[in-house]
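Q: Next come a sequence and a model predicted from it.
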Amino acid sequence: MIVTIQIKNLRLRTFIGFNEEERIKKQDVIINISLNYDATAAAQTDNVDNACNYKVLTKQVIERVETQSFNLLEKMAAEIIDLIRPLDEVLQAEVEIDKPHALRFADSVSVRVGYHKRKS
């Protein structure tokens, strides 16, 4: 049984951008993560040890994003995918990051990146 976990609208502050004013003041980013994993064992056993621990992952994302600075949203998204990649149970993932008010007449600019585990 494949289950999708969605972490929606994780609102963090970080240094994002390459303009001088972006390097001295933290800005908001909104992160959405979607994880697909085989939850057969979790559903059968009702045991958290058999489930994807999204709480631990979220704490890692918060730590990574809020303690580093990034020139590009692409780099930030790649860093989050790098946190997901070692999770054996995750079959595929998608990360979308919005930078609100990045453009004058737009609500936000976003980057979306995906990851699919290769079959052995």
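A: Perfect, I can see it now.
Q: Tell me the secondary structure of C52, please.
A: Secondary structure state of C52, per DSSP: H, G, I helix; E, B strand; the rest coil, is coil.
Q: Isn't it up against A41?
A: No: under the criterion of CB atoms under 8 Å, C52 lies out of contact with A41, with a separation of 10.9 Å. Any C-beta I mention is one placed from the backbone N, CA and C, and that applies to glycine too.
Q: Between the two, point out the one with more neighbours.
A: Using other CB atoms under 10 Å, the more surrounded residue of C52 and A41 is C52, with 21 against 13.
Q: Just give the nearest non-adjacent residue to that one, would you?
A: Once flanking residues are discounted, C52 sits nearest to Y37: 4.7 Å by CB to CB, 6 or more residues apart in numbering.
Q: quick one: the one you found is in a strand?
A: Yes: with three-state DSSP as the criterion, Y37 is assigned to a strand.
Q: Just list the residues touching it, thanks.
A: Residues counted as contacts of Y37 (CB atoms under 8 Å, 6 or more residues apart in numbering) are I2, V3, I5, C52, L87, E89, V90, L91.
Q: Next, give phi and psi for the fifth one.
A: Which is L87. L87 has phi and psi values of phi -70, psi 110 when expressed as degrees, to the nearest 10.
Q: coming back round to it: for the contacts of Y37, which one is nearest R104?
A: The nearest member of those to R104, counting by CB to CB, is I5 at 35.0 Å.
Q: Strands along this protein, start to end?
A: 2-16, 27-38, 69-70, 90-100, 108-116 (DSSP state E).
Q: Mind listing what's buried along the fourth one?
A: Same thing as strand 90-100. Residues V90, L91, A93, E94, V95, E96, I97, D98, K99 are the ones in strand 90-100 that count as buried (16 or more other CB atoms under 10 Å).
Q: farthest pair in those residues?
A: Across those, the two members that end up farthest from each other (CB to CB) are L91 and K99, 28.3 Å apart.
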